[in-house]
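Novice: sequence and predicted model, in that order:
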Amino acid sequence: MSKWGIGSDPSEMCMLDRFVQRLTIDNEARSFEIETADGAVHRYPTAFAAEPEGLGLPPDFRLVSYEPADRSLTLTPADGEPLVIELFDGGSQTDRRANRPAVYLDQNKWVLLAQAIHTPERVPRRELPAALELIRVAEEQRVILLLSSGHLIETARVDRHRRRDLGPLMVRLSRGWLMSDPLLVRRAELVRMFRQRTGASLEPAAEVITLDLSRLYLEPTSSGPQGDPDLPEELRLLSEMMSMAAAVFALLIEDQVTHSEEGYTMARLWAESYRSLGVELGSNTRAREMSRDVTRAMFLSDLSHDLAEVVTASGMSARDFEIWLVDVSEDDIASLPYMGRMRDVLHLRLRNPSERWGANDLVDMMYLPCAAAYADFVVAENQARHHLLRAQHGRTDGAQVMSSVAELVERLEL
């Protein structure tokens, strides 16, 4: 424990409120400021002051301030209203949620919320009052609107004008709450399943609904420069967390449109492979009779890398894995909250030869079944809602799924 009252464990940050009232990274002054409980302000002119990247704070924000008492981070854009998010402290996310319902909105529903504020004439009459009500209860912190890396991907493709309406609203209403990367959730479900198969001990599962920004992507998020070596170690680590939060949320408000041609090409090839298989299932009688086996094989092929690593780590023998693939995999996958839903949605879509497959479907296929498994409510387009509800059949866990904000507000009963 240091003189500032914290250690390197994020869970100890809550002890800062005994000594510190506010911590601020000033991008313009290139400084780290500490306002103590007695009102004194201590400014550290940092070792990064002479370098263009400063403290690693993106230029989209001129100030980032952390208030330990309520564990909130205020991001002040260079040209906009301050945005407040809740900062991860290492504690139980279930406790932090405090029974607030977690809602996952498909990207087009986030767009609808932005339109309700900026261009209400474009919102369907039934949806407009519900959208404004949802915004109100989110601002009052009575409901949690989740972000995901999928939202960041889709928002990065939006033009500058529309993003100025959409991005800050997403940050403001989510307050930093997010759904973990589905690839992390997928691996966690597989690890748990094979450990149960082999009789290995089980570790507590990481919470899917979280403030932990390290779970936004499969790969760790870099926060830029690694803090100032002149700061006390604990404050240096905290400054890195503040910089990382600013870097993540800057992606939603920055002007630059981001489009990965390589990523789009991979998604397009993925979609084409599934479209071709769907056509084959529609035209080949024998394949259609065995469609459940065919779609399972396709589904498992997408998991091949994770399966290889997880099975090896579990200690399962090659022979037992072969038996699992043939005789057990269908039931085991069906038992998983996320993977079971994703597998069923995939089967339903492949069974329909007229189903349209596009590069943008990859985000929906990955994120919506995960949200249906772990959020409380999911609002998606009609077709996605139809598939998720059919995949929900026979399950008692998971989210209520709907296609309108009006229905969501009605079911929230706030």
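Specialist: Yep, it's here.
Novice: and the spatially most central residue of the chain, how far from Met244?
Specialist: Among the residues of the chain, Ser148 comes closest to the average C-alpha position under Cα atoms, centre = their mean, at 2.4 Å. Distance of Ser148 to Met244, computed by Cβ to Cβ, to the nearest Å: 17 Å. Heads up, the C-betas are built off the backbone N, CA and C, glycines and all.
Novice: quick one: the residue nearest to the centre of the chain and Pro204, what's the gap?
Specialist: On the measure of Cβ to Cβ, Ser148 and Pro204 end up 22 Å apart.
Novice: low-confidence bits of the stretch 1-150 of the chain, can you list those?
Specialist: 1-18, 46-59 (pLDDT under 70).
Novice: how about the strands in it?
Specialist: Read by DSSP state E, counting those that start in this stretch, the stretch 1-150 of the chain holds these strands, from start to end of the chain: 20-26, 31-36, 41-45, 61-67, 72-77, 83-86, 102-105, 144-146.
Novice: repeat for the stretch 301-414 of the chain
Specialist: With DSSP E, counting those that start in this stretch, the ranges of strands along the stretch 301-414 of the chain come out as 377-379, 400-402.
Novice: any idea which of the ones you listed is most buried?
Specialist: Highest mean neighbour count of the strands of the stretch 301-414 of the chain: strand 377-379, a mean of 27 (counted as mean count of other Cβ atoms under 10 Å).
Novice: in its sheet, which strands sit next to that strand, and in what direction?
Specialist: Taking DSSP bridges as the criterion, strand 377-379 pairs within the sheet with strand 102-105 (parallel), strand 400-402 (parallel).
Novice: quick one: which of those is nearest His305?
Specialist: For His305, the closest of those is strand 102-105, at 26.1 Å, according to Cβ to Cβ.
Novice: closest to Pro337 out of the strands of the stretch 1-150 of the chain?
Specialist: Between Pro337 and those, the shortest gap by Cβ to Cβ is with strand 102-105, which sits at 13.8 Å.
Novice: could you dump that closest one to CSV, C-alpha only?
Specialist: The C-alpha atoms that make up strand 102-105 are tabulated as CSV, following Å, rounded to 0.1, in the frame of the first residue of the first chain:
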residue,chain,number,x,y,z
ALA,A,102,-28.7,-4.8,-19.3
VAL,A,103,-30.0,-3.9,-22.8
TYR,A,104,-28.2,-4.7,-26.1
LEU,A,105,-29.2,-2.6,-29.0
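Novice: give me the buried positions along that strand.
Specialist: For strand 102-105, the buried set under the neighbour-count rule, 16 or more other Cβ atoms under 10 Å, comprises Ala102, Val103, Tyr104, Leu105.
Novice: now those residues as JSON lines including distance to Asp70?
Specialist: Listed next are the buried residues of strand 102-105 as JSON lines, based on distance: Cβ to Cβ, whole Å:
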{"residue": "Ala102", "distance to Asp70": "20"}
{"residue": "Val103", "distance to Asp70": "22"}
{"residue": "Tyr104", "distance to Asp70": "25"}
{"residue": "Leu105", "distance to Asp70": "25"}
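Novice: and those, which is closest to Glu139?
Specialist: Val103 (13.7 Å).
Novice: show me what contacts the nearest residue to that closest one once chain neighbours are set aside?
Specialist: In this structure, Val103 finds its nearest non-sequential neighbour in Phe377, 4.5 Å apart by Cβ to Cβ, 6 or more residues apart in numbering. The contact partners of Phe377, by Cβ atoms under 8 Å, 6 or more residues apart in numbering, come to Pro101, Ala102, Val103, Tyr104, Ala399, Gln400, Val401, Met402, Leu408, Arg411, Leu412.
Novice: ok, Pro77 - contacts?
Specialist: Under the criterion of Cβ under 8 Å, 6+ apart, the neighbours of Pro77 are Asp60, Phe61, Arg62, Leu83, Pro168, Ile253.
Novice: the second one against Ala245, yeah?
Specialist: So that's Phe61. No: applying Cβ atoms under 8 Å as the test, Phe61 and Ala245 come out as separate, 9.7 Å apart.
Novice: quick check: neighbours shared by the two?
Specialist: For the pair Phe61 and Ala245, residues contacting each of them under the criterion Cβ under 8 Å, 6+ apart are Leu75.
Novice: picking up where we left off before, of all the buried residues of strand 102-105, which two lie farthest apart?
Specialist: Every pair of the buried residues of strand 102-105 checked by Cβ to Cβ; the farthest is Ala102 and Leu105, at 11.0 Å.
Novice: who touches both of the two?
Specialist: Listed as contacting both Ala102 and Leu105 by Cβ under 8 Å, 6+ apart are Leu146.
Novice: checking Gly167 next. Helix, strand or coil?
Specialist: helix (DSSP: H, G, I helix; E, B strand; the rest coil).
Novice: how about whichever strand or helix holds Val185: buried residues?
Specialist: Assigned by DSSP states H and E, Val185 belongs to helix 182-198. For helix 182-198, the buried set under the neighbour-count rule, 16+ other Cβ under 10 Å, comprises 182, 184-195, 197.
Novice: stretch 195-211 too?
Specialist: Along stretch 195-211, these residues count as buried under the neighbour rule (16+ other Cβ under 10 Å): Arg195, Arg197, Glu207, Val208, Ile209, Thr210, Leu211.
Novice: now, which of those lie within strands?
Specialist: Using DSSP state E, the members of the buried residues of stretch 195-211 that fall in strands are Ile209, Thr210.
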